[in-house]
Structures are given as structure tokens and as C-alpha cells.
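Chemist: here are the coordinates; sequence isn't available:
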């Protein structure tokens, strides 16, 4: 529960290991006091008594200290809030009070007809922040920019910035660099989260994997977004982020309308990068991911086995092979609907192809269930092919600019999901589909960016950038409520839509279209900085990898790579030998044994995937499992030992692979050196407390 000082102008939120404090001055300026180790309310009150610095006129005493910078007045930092009304822009607010209910603190401000509420909530040591803007006047107002939060860091020398960057098939790659004066801006202007950056940053000065202060921020928004990290002229650092990439306008609010920003969450820890990751993972499992306590099943996906050339009989035969190797969820990918014999047609017509599935999906779904598996399908509801019944009937339902060419990417256009008629059409199509057969799982894809984001008939067409995402969320929420037994996976050509917003409505995410097991180690390493293995889908596909690089790898290496998350199989099982199928069954059985540790345990990154040996460790209760990969071995170098973490130093552990007994700090060496014998080799090592 947030604490408030007697004067009603200082507030403190505390978690198990950290505190966050703010203060409203007598001039109604909201200033930041503290974010870091736990402190008492009296300490926060003492901080509030410190006067702001008295700068020369060329600098502002508020810059770098204001909790939520608004546009206007003596402020020169990037504003979190920029508002335009008839004849003027900017904000001159006054403090209007506060409420503290359950675990949420609400600070209220007003400027003429604009009401601003800043929300705070502590979840463990993660601080959730967001804002609500409401037009309480008589005239419309325009939100040019409405960020979720601005985070203020303490004075330190030598800040270092961590971020996750990439592209299609190379997502979530971790990079760290010194923070210099000025702004570092990351984001997406593509209409979705994007492959290029995940909406997360972390800052430190001298942290290691297990020691040192780390500050991290993550945005829960699945559309265009922006995070700006600024080192100001006096060396102070602020992080500002929210929906939308630029300041051209988010929404126009009529009288009585409001907009609630997405959550921008922040975390402080002194446990290094590993401690930060474990705190983020625990937060998402507890507060973000639906049904996070449930194990995610081992799946088979038919895409790389069949592509668009599918039939009911062929899928049934694949399902039998999948069941034989222990798969628990069988997924029919693209090609089951409309006139979908390639990527040129059918998107938007969500009815089973009558030639391929003459009696609909129910016979195949029943067959899959009879084999002891769940049944899933692939959809891409936000898109439409020009060659489709939907587009021929409603060409005005797509995003387009009048008088301009409608840009096709992957031979498809983007539906304007901000339109209520489009929302209702998709609801009817998908609700009917999920009611027509016993479907347990939906892979929801999004395979192109916004380009011609226009809405000719709307008086404020740029609102579609925000309203598309809000409508997506509403549609997912409605479908989940109507079909509570159906799980959803977020996909966007791989990892193009991964963020806390979509993650709160889906059960797992497709990490990357790149299924090469060696490439995946770096992708998964970056992904783990913020998101848990419980949502990280990973497939075992065929070798050589014909999709990307032609690399050959053993079935062992492919399985152990994919077992670091939610295990799936995407290879053409009809071409696997009996020996390969038998080996696959052994790996699937082993994964089911260690699944509770991988999907629900604490993650320790023992060695990063930088060549040579890399390894991760999962700990849960008295059990631990290590997944290790030997990428290269040169000059006869021995495999190095691994010192495990997170174990009780007072008890003994037995290695199930070698029978060795270790006490206290566990140093793995014999099991690694006997299990890893050459390039692209891998090992699974389990230990149990005795």
C-alpha cells in the first residue's frame, strides 16, 4: 500500500527490495525523489525538503527532476505530455488531489478542461506507471503526445545502456554501449512493436551478470512506440516512453472522452543483469501472462513440413507421427482457409477450404483429439489479400490514402481495425470459426507493417495508429472471454510483436522465424533479458536449414536449443527416419521431465553465446537443470567447468547424468566434458537435492 506524508504531498511505494518516492511542491510541480534501495517515509520527506537548484536562465531547475514533464513554461527536456486546444498548446496544471486504493496510487492534476491522472502501482519490485487524460471541457482537445511515464535515474558517472535490436530472423540481439550526452531514441513507426527493437532498455554503471545496480524499463504497447533515453547537460538521465513514434498527434478527445496510456514498467535491482531478468520474469508470470502457472504443451506446427500444399489426409498422417513422438498440440498452419493455395489469395475469408476440408475442420480436430493431442490453427485476421471475397466486397475496409497506390507487402493489405464494422466482421468470423470445431489454440500472425495508414472518411484519420491496437486488444479480450479454453500465440513474422501489452492477452509468443539452433542461442539470450522461457516458443526443424543458411546440425543440438523455452517441432516428420523419430521421442520425454523447471523456474545465464561454451541454468525448489551448447572447440581446448548458481550451499546435489554428488557450490566439469565432444554439440545435465 502506498504511504503518504502528513502534508499529503509526498508519497512512497515500496517492494521487497526497493522504493519509489515522489513529491508535489507548493508550486504544484511534481518532482521525483527516489528510485532505488528501500527507504522509510521519513527519508522521503527529508528528500522532499531539499530545494531545487537555482540555475541561470538558460537552464531549468525542473529539467531532470520533474516526474512527468509537460510542455510549456521553463522546461527544455522532451515533454511526456503535449496538448493542443483551440488557439494554444501546452499545459499549466494544478494539483487536484490524490487517491490510494488497494495497491494503486493516483495523483490528479487539472489544466482548464484537461484532467490528468498519473497512476502508480508496485508489483514486487516492478513499478507500473501509466496516465489517464480526460477532456472535461466543452471544446475538443488534441493529444499530440501522451507518454506513459518519465523515469529519473540518480546521479552516477559512466552510465551504460543495454537494448535489444535486430531485424527479421535476427531479433532480440543484446547490445551494450556507453550513454553519451544527448538522446538515444529507439522505437517503431511501423504500426506494430517491430523486429528492430524490443520496447525495453536497461542502464547500469558497473553491473555484472549477478552483481551491481541495474535500472530497467519496459513498455506494454503493441503498436508504434518510442523510448527516449536522455543524458541532460548536468549529466542527469531520464527515460521517457509511450505509444506513438512522433508528435504528429495521437488522438483527438471530444468533451467527456478520455485516453489511458499503456503501462510503462520500471525495475531497480542490485542483483545485476541476472537478478533483473529473474525479477522481470517473476513479474510477468505473476501479473502479466494469462494462466502462467500452467505448463505450455509440446507442439507440432505443419508450416515447414507442408507450406501451402495441405489436405485433411496429409495433416492427419502428420498428426499420427507427431503423436508418436509425444507431441501434445498439433497446429495446422497457413493454407486451410478460403482460396489459400499461396500467399496471393484468401486472407480475410476465414472459412475452411471446401476442397481441402470438405466437412470443415471438425473431422481433423476430432482425429487429433483421439490421438491424445490438442488441436490448433493459424490465422492472420488483421490482413487481407486483394484476391479475396472480403476485399472484393469491402475495398474501403483497408488502410489507404486517397489518390495513392495501395502498397502491397507479401501480396496483402492491412485492414483498418479502428473501424467498428471491421471489428464486428472479425469478431463474427473468428467466433464462428472457434465454435465450429474443438479448437484449442490459435497462432495469431501479423506479417507486414503499416505503410499507407490513411482513413479518408474519418475527421481525425491518424487516430487509427492507436485505435488499431486498442481494437486488437478488445478483440482478443472478447475472444478469450467467449472461448476460455483457447490459447493464443502472438506472432508477427517471428518476433515482430513481442511486448508486455500483447503478452497480457496471449499465452506464448513466436520468438523468431529463424529456427536455426545456433542462431537461436543469441536470439534467446537477448529475449531472456526481459521475458521468461514460459512464453518463448522454439521449434526443432529439419537439417540442413534450407530456410536461411544451409547449416547442418545434429538432432541433439536442435532439441537442446529449443528446450530452452516452449518446445515445438516444425520439421517434416514424414521424412524423418525411424531412428530420428525414436531419438525425438526421447528428447520430448526428457523435456516433459524438466519442463516445470524451464517454464517456471529461476533462470541463470551461466555463459553467453559468444562462441565456445554457452549455458543456461534453471532452478526450482530442490532441482536444477543445465542446458549447455558447445559451439566451437579449437586447439584441443578442454571444455571449461561451469559454476552453478542459485543452489543451497548447505546441502548436497546428485547429478542424474553421472551419479556424482556435489556439496555446496556446484562446479560442473565431468558431466560437461563427457557430454560435449565437438562443434555444435549440446548436453542436458540435471541435479537434484539429496
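Modeler: That came through fine. What you see is a predicted model, and the numbers here were worked out from it, not measured in a lab.
Chemist: Quick check: chain neighbours aside, which residue is closest to the residue positioned nearest the centre of the chain?
Modeler: Nearest to the mean C-alpha position of the chain, by C-alpha atoms, centre = their mean, lies residue 499 at 2.7 Å. Take residue 499 and drop its neighbours on the chain: the residue closest to it by C-beta to C-beta, 6 or more residues apart in numbering is residue 193, 4.8 Å away. In this view, the C-beta of every residue, glycine as well, is placed from N, C-alpha and C.
Chemist: got the contact list for the one you found?
Modeler: Contacts for residue 193 (C-beta atoms under 8 Å, 6 or more residues apart in numbering) come out as 199, 221-223, 225, 492, 496-499, 502.
Chemist: Select only the buried ones of the residues you listed in ChimeraX?
Modeler: Selection of buried members from the contacts of residue 193 for ChimeraX, criterion 16 or more other C-beta atoms under 10 Å:
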select :199,221,222,223,225,492,496,497,498,499,502
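Chemist: any weak-confidence spans in the stretch 301-450 of the chain?
Modeler: Along the stretch 301-450 of the chain, segments meeting pLDDT under 70 are nowhere present.
Chemist: What ranges does it have for its strands?
Modeler: Secondary structure of the stretch 301-450 of the chain (DSSP state E, counting those that start in this stretch): strands at 329-332, 374-379, 383-384, 413-414, 441-444.
Chemist: Name the residues that touch the fourth one?
Modeler: Put plainly, it is strand 413-414. Against strand 413-414 from outside (C-beta under 8 Å, 6+ apart): 191, 382-386, 391, 398-400, 406-407, 448, 450-451, 453.
Chemist: at 10 Å instead, please
Modeler: Strand 413-414 is contacted from outside by 191-192, 347-348, 382-386, 388, 391, 395, 397-400, 406-407, 446, 448-453, 464, 468, using C-beta atoms under 10 Å, 6 or more residues apart in numbering.
Chemist: Partner strands of that strand and their direction?
Modeler: According to DSSP bridges, strand 413-414 forms sheet pairs with strand 383-384 (antiparallel).
Chemist: Can you tell me the closest non-neighbouring residue to residue 676?
Modeler: With C-beta to C-beta, 6+ apart as the criterion, residue 676 has its nearest non-adjacent residue at 4.2 Å, and that residue is residue 630.
Chemist: can you pull the contacts of the one you found?
Modeler: Per C-beta under 10 Å, 6+ apart, neighbours of residue 630: 557, 612-615, 639, 672, 675-683.
Chemist: for residue 93, same thing?
Modeler: So residue 93 contacts 28-30, 68, 70, 72, 81, 108-112, 114-116 (C-beta under 10 Å, 6+ apart).
Chemist: rewinding a little: and which of the contacts of residue 193 is nearest to residue 480?
Modeler: residue 502 (12.5 Å; C-beta to C-beta).
Chemist: next one: phi and psi at that closest one?
Modeler: Torsion angles at residue 502 (phi, psi; degrees, to the nearest 10) stand at phi -70, psi -30.
Chemist: Residue 345 reaches residue 390, doesn't it?
Modeler: No - with contact taken as C-beta atoms under 10 Å, residue 345 and residue 390 are classed as non-touching, separated by 11.1 Å.
Chemist: joint contacts of those two?
Modeler: Contacts common to residue 345 and residue 390, judged by C-beta under 10 Å, 6+ apart, are residue 338.
Chemist: between those two, who's got more neighbours?
Modeler: Taking neighbours as other C-beta atoms under 10 Å, residue 345 and residue 390 compare with residue 390 leading, 23 against 19.
Chemist: my guess is residue 519 contacts residue 541, does it?
Modeler: No - the criterion here is C-beta under 10 Å, and residue 519 misses it with residue 541 at 11.7 Å.
Chemist: hang on, the earlier thing: state the pLDDT value of the residue nearest to residue 676.
Modeler: The model reports residue 630 with a pLDDT of 94.
Chemist: Any idea what residue 111 is bridged to?
Modeler: Here residue 111 sits in beta bridges with residue 114, going by DSSP bridges.
Chemist: Next: residue 132.
Modeler: With DSSP bridges as the rule, residue 132 is bridged to residue 117, residue 260.
Chemist: Count the neighbours of it for me.
Modeler: Residue 132: 16 surrounding residues under other C-beta under 10 Å.
Chemist: which residues does it contact?
Modeler: Shown in contact with residue 132 (C-beta under 10 Å, 6+ apart): 106, 108, 115-119, 146, 258-261.
Chemist: so what does the helix or strand containing residue 163 touch, helix or strand wise?
Modeler: Element membership for residue 163, per DSSP states H and E: strand 160-165. Applying 3 or more C-beta pairs under 10 Å, 6 or more residues apart in numbering; DSSP states H and E, we find strand 160-165 packed against strand 173-178, strand 182-188, strand 197-204, strand 214-219, strand 225-231, helix 517-527.
Chemist: could the ones you listed go into CSV alongside mean pLDDT and distance to residue 38?
Modeler: Below are the helices and strands packed on strand 160-165 laid out as CSV (pLDDT from 0 to 100; distance: least, C-beta to C-beta, whole Å):
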stretch, mean pLDDT, distance to residue 38
strand 173-178, 98, 27
strand 182-188, 97, 30
strand 197-204, 98, 19
strand 214-219, 98, 15
strand 225-231, 98, 25
helix 517-527, 98, 30
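Chemist: TSV for the ones you listed, including distance to residue 533?
Modeler: Listed next are those as TSV, based on distance: least, C-beta to C-beta, whole Å:
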stretch	distance to residue 533
strand 173-178	16
strand 182-188	24
strand 197-204	16
strand 214-219	17
strand 225-231	25
helix 517-527	8
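Chemist: Nearest to residue 330, out of those?
Modeler: The nearest among the helices and strands packed on strand 160-165, by C-beta to C-beta, is helix 517-527 at 22.2 Å.
Chemist: just the angle between that closest one and strand 173-178, please?
Modeler: When axes from the mean of the first three to the mean of the last three C-alpha atoms, to 10 degrees is applied, the directions of helix 517-527 and strand 173-178 differ by 50 degrees.
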